[in-house]
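Here's a sequence, model it:
(one chain, ligands or ions: 1)
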Amino acid sequence: MQNSELLKATKKFGTPIYLYDGEKIKEQCRELKSNFLNIDLYYACKANTNPEIVKLIASQGFGIETVSPGEIAIARRAGIPASKITFTCSSIDEQELVSVVKQGVKVHLDSLYQVEIFGKHFPGREISVRLNLWVGGGHHSHVITGGPDSKFGVDVSQIKQLKELAQKYNLKITELQQHIGSNVPRVSIFIKGMQVLLKTAFTFSELKHLHFGGGFGIPYKIGDEKLNIVKFGKEVKKLISNFNRKYGKKIQISFEPGRYLVAEAGSLLVKVTDIKKNPTKTFVGVNSGMNHLVRPAMYDSHHEIINVSNPNGKKEKVTIAGNICESGDVFAKNRLIAKTKIGDVLAIKNAGAYGYAMSSDYNSRLKPKEFLMLGKKIRRV
Ligand code: LLP
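Numbers count the residues shown, from 1 in each chain. You can find the predicted model right below:
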């Protein structure tokens, strides 16, 4: 989206707001669909659960991957049938698991205990199980989901127990799932994870479907490498046709991208409210904070920030701070941005994923409103 469009939106709707570019979301969807032919794609909606965005992505031919009954309800209300929704969650109780299964949503069982509960309630059925095969990747230790320190999935050391448990309840393991982590920057890391799951898959004789999770990275910093989706698609095709040949059967496969579809489409638009020139640092204060976008405070994540009111101004090194009562409430430290004055609008870019979805009313400061631009039209969503 152009700076002028961002600025225009703030003139009409004020700040702070999230503004999403629907055309960009569609473009990301099309890129994945065209490079992953005959592969099921589920949108991991934890990245952005705005119902209009969930609906938009579903309309592009995506299923929805969920992690809570709340997300299932959002997907159902957006008109997505239960048969196109999957659910993956750790640390849930018997009641939640049973109620999700009863809704007709496919569950990727996360632990031996979940397999036990499933078997007790639904003996003789086909199941999908999430495995932790100790391959991990991602932008921060908090989001790496493979390896000995991860709470997710049935550990590689417990596959024998998993099979015994399945047998006890006459369950058929027809699907396996793996998700190695989030914002993985390179194809080679995904391929490594896939190879390990495929190797393990040979030890299961009744498979129909393999799920390789999400985690597709996006470039946050200028100059960051972009995930090569064309190459990714080609390598996946090769890997799977080799596997199918050796396994003696055609296996359906799927991915669950979240961030990739929505991150670059969203900006958090904020207003400069204070400028504090201290002896060693200049703080530019804005009318938003870590309650609206927690990624910089939580993972030290980089988001490009543009002064859309003065994009070509002389660059100054400043620290951009929020209005929340915590020292860690900064969006960017010692960042070069075009000279700011009070009232300027700053666009915090690539905030469409895990932005609003992770926001809170901390300090009793309310969440920002969200707007979606489709064509030239902007509406509140
Ligand atoms: N599938 C499973 C089982 C997942 O746990 C996740 C993300 C995804 C798919 C989608 O991952 P994605 O394609 O969006 O990378 N709040 C963090 C990211 C947490 C991701 C959690 N799981 C952040 O802001 O970077």
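
residue closest to the middle of this protein?
The chain has residue 258 as the residue nearest its centroid, 3.2 Å off, counting by C-alpha atoms, centre = their mean.

residues in contact with that one?
Going by C-beta atoms under 8 Å, 6 or more residues apart in numbering, residue 258 touches 43-48, 65, 182, 214, 353. The way it works is simple: take the backbone N, C-alpha and C, and place the C-beta from them, glycine included.

any chance you could map the strands in the stretch 1-150 of the chain?
In the stretch 1-150 of the chain, the segments counted as strands under DSSP state E, counting those that start in this stretch are 17-21, 40-44, 63-66, 85-88, 106-109, 126-132.

Check the gap between the residue nearest to the centre of the chain and the ligand for me.
For residue 258, the distance to the ligand (C-beta to the nearest ligand atom, to the nearest Å) stands at 3 Å.

who in this protein is up against the ligand?
Counting by C-beta under 6 Å from any ligand atom, the residues of the chain close to the ligand are 44, 47, 65, 88, 143, 179, 182-183, 213-216, 256-260, 295, 299, 354.

Look up the residues forming beta bridges with the nearest residue to residue 369 once chain neighbours are set aside.
Nearest non-adjacent residue to residue 369, counting by C-beta to C-beta, 6 or more residues apart in numbering: residue 17, 5.2 Å away. According to DSSP bridges, the partner residues bridging residue 17 are residue 269, residue 369.

what does residue 346 give?
Beta-bridge partners, per DSSP bridges, of residue 346: residue 270, residue 307.

if I pick it, what's in contact with it?
By C-beta under 8 Å, 6+ apart, the residues touching residue 346 are 269-272, 284, 286, 305-308, 320, 337, 340.

I'd like those as JSON lines, with neighbour count, distance to residue 105 and pLDDT appended.
Output for these, formatted as JSON lines (neighbours: other C-beta atoms under 10 Å; distance: C-beta to C-beta, whole Å; pLDDT from 0 to 100):
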{"residue": "269", "neighbour count": "25", "distance to residue 105": "35", "pLDDT": "98"}
{"residue": "270", "neighbour count": "28", "distance to residue 105": "37", "pLDDT": "98"}
{"residue": "271", "neighbour count": "18", "distance to residue 105": "42", "pLDDT": "98"}
{"residue": "272", "neighbour count": "20", "distance to residue 105": "45", "pLDDT": "98"}
{"residue": "284", "neighbour count": "27", "distance to residue 105": "45", "pLDDT": "98"}
{"residue": "286", "neighbour count": "27", "distance to residue 105": "40", "pLDDT": "98"}
{"residue": "305", "neighbour count": "25", "distance to residue 105": "39", "pLDDT": "98"}
{"residue": "306", "neighbour count": "17", "distance to residue 105": "40", "pLDDT": "98"}
{"residue": "307", "neighbour count": "22", "distance to residue 105": "45", "pLDDT": "98"}
{"residue": "308", "neighbour count": "23", "distance to residue 105": "41", "pLDDT": "98"}
{"residue": "320", "neighbour count": "25", "distance to residue 105": "41", "pLDDT": "98"}
{"residue": "337", "neighbour count": "21", "distance to residue 105": "45", "pLDDT": "97"}
{"residue": "340", "neighbour count": "22", "distance to residue 105": "47", "pLDDT": "98"}
